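Chemist: Got a predicted structure here, sequence first:
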Amino acid sequence: MEKTLVAEQMSAAQSNANANSNANVNANAEAKKNNDNKKQRRRMPSPREMVSHYEKQGMETQEASLKVIQDLQGALFKLVTDSRKTNSQNTTKGAPASTKLDTLHSRLLHIESKLDSKPSYPQALALGVASSGIWNAACQIWDSVRRAGS
């Protein structure tokens, strides 16, 4: 009887531990979601807010404005260079976009030249008429040869 009580207490303790760990996992997941949402909701400060930030640090309005412009230009430069890096990594064979356009243009010229070398509808019709005439002439010659051989 004591063994069953001990076993029940141990199973109850394990179920409580599992419930606590599940609660901790859920709490951690919710906290992570909240942090992710805060990061996503974070907005860029307006230029006025940035100027007032630098003015609070003791700069004059003109100096603060120049500092804000410098910061924005730096952020823009980083954004452009990062996007160029990711674009060059995402392109096939690592070729720049101008090389891809040149390749595409050369392929289109090749296809166009093939289409130009094909006969047009009137040319195809003339070839059909000429080939039927040649076929009829060949059939007549064959009949003549067969009659002469008999």
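Modeler: All right, it came through fine.
Chemist: So Gln62 versus Lys56, what's the distance?
Modeler: 16 Å (CB to CB, to the nearest Å). From N, CA and C alone the C-beta is placed, and that goes for glycine too.
Chemist: now do Met44
Modeler: 18 Å.
Chemist: ok, now Ser120?
Modeler: From Ser120 to Lys56 the distance is 77 Å (CB to CB).
Chemist: Point me to the helix or strand that includes Gly58.
Modeler: In this structure, Gly58 sits in neither a helix nor a strand according to DSSP states H and E.
Chemist: Show me where this protein has its helices.
Modeler: 2-41, 47-56, 61-90, 97-117, 121-149 (DSSP state H).
Chemist: counting contacts, what elements does the third one pack onto?
Modeler: Contact partners of helix 61-90 among helices and strands, from 3 or more CB pairs under 8 Å, 6 or more residues apart in numbering; DSSP states H and E: helix 47-56.
Chemist: for the helix it packs on, which positions count as buried?
Modeler: Across helix 47-56, burial judged by 16 or more other CB atoms under 10 Å covers 50-51, 54.
Chemist: what mean pLDDT does it have?
Modeler: The average pLDDT within helix 47-56 is 85.
Chemist: Tabulate the CA atom coordinates of it in PDB.
Modeler: Output in PDB follows, covering the C-alpha atoms of helix 47-56 (Å, rounded to 0.1, in the frame of the first residue of the first chain):
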ATOM      1  CA  PRO A  47      13.700  63.500 -39.100                       C
ATOM      2  CA  ARG A  48      12.300  65.900 -36.600                       C
ATOM      3  CA  GLU A  49      12.700  63.300 -33.800                       C
ATOM      4  CA  MET A  50      16.300  62.700 -34.900                       C
ATOM      5  CA  VAL A  51      17.100  66.400 -34.900                       C
ATOM      6  CA  SER A  52      15.500  66.900 -31.500                       C
ATOM      7  CA  HIS A  53      17.600  63.900 -30.200                       C
ATOM      8  CA  TYR A  54      20.800  65.500 -31.300                       C
ATOM      9  CA  GLU A  55      19.700  68.900 -30.000                       C
ATOM     10  CA  LYS A  56      19.200  67.300 -26.600                       C
END
